[in-house]
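Asker: For reference, the sequence and a predicted model appear below.
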Amino acid sequence: MSEPVRGSSRHGELTIDQLVELQPGLGRLMPEISRCYWILFYAAQGGNWPLAGHEWRQLQNLFNLAATTRPKRAKDLHSFQAGVMKAIEVAIEARDWPRFEKAYREGIDLANRLHVTTGHAEIRWKLPAEPPKDMDLGPGPGET
């Protein structure tokens, strides 16, 4: 039997299996996804479409990371991206608030249905009633 592949740093050695176990699962990624989705809504509502686009891209990256680190959830994550996230992207590009809001709220409903089908009915996401206090989500200079 061969030795496991190891990597080393000044702090010590780890096997490839140990490194795999360190990768973030959905429990660690979902708070980041939640925050981006929250900012996305209020940025679009406030007319800060460039920020909405930025948060959309952040979400795509997080979904791709989640699909890589948790392959058994990849199909659901990619489906969410191809459906809801694509509709949100189109609305952002068009700066179309009614279309955006419809797709966004459909995303909340779908996410909550997916939580049920994946055995986590206890997780029910809802849009916070207020935007994050640490960000200016209105239009930027030159934006209307």
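Answerer: Looks like it arrived, so ask away.

Asker: Need the three-state assignment for residue 8.
Answerer: strand (DSSP: H, G, I helix; E, B strand; the rest coil).

Asker: Give me the local confidence score for it.
Answerer: Residue 8 carries a pLDDT value of 81.

Asker: dump the residue contacts of it.
Answerer: Counting by Cβ atoms under 8 Å, 6 or more residues apart in numbering, residue 8 touches residue 14. All C-beta atoms are positioned from the backbone trio N, CA, C, and that covers glycine.

Asker: repeat for residue 59
Answerer: Per Cβ under 8 Å, 6+ apart, neighbours of residue 59: 33, 36, 37, 40, 85.

Asker: run the last query once more with 10 Å
Answerer: Residue 59 sits next to 32, 33, 36, 37, 39, 40, 80, 81, 85, 88, 89, 107 when contact means Cβ atoms under 10 Å, 6 or more residues apart in numbering.

Asker: Quick one: distance of the strand or helix carrying the third one to the chain centre.
Answerer: Under the criterion DSSP states H and E, the helix or strand holding residue 36 is helix 26-45. Centre-to-centre, helix 26-45 and its host chain are 6 Å apart (Cα atoms, centre = their mean, to the nearest Å).

Asker: Likewise for stretch 105-123?
Answerer: For stretch 105-123, the distance from its own C-alpha centre to the chain's C-alpha centre is 14 Å (Cα atoms, centre = their mean).
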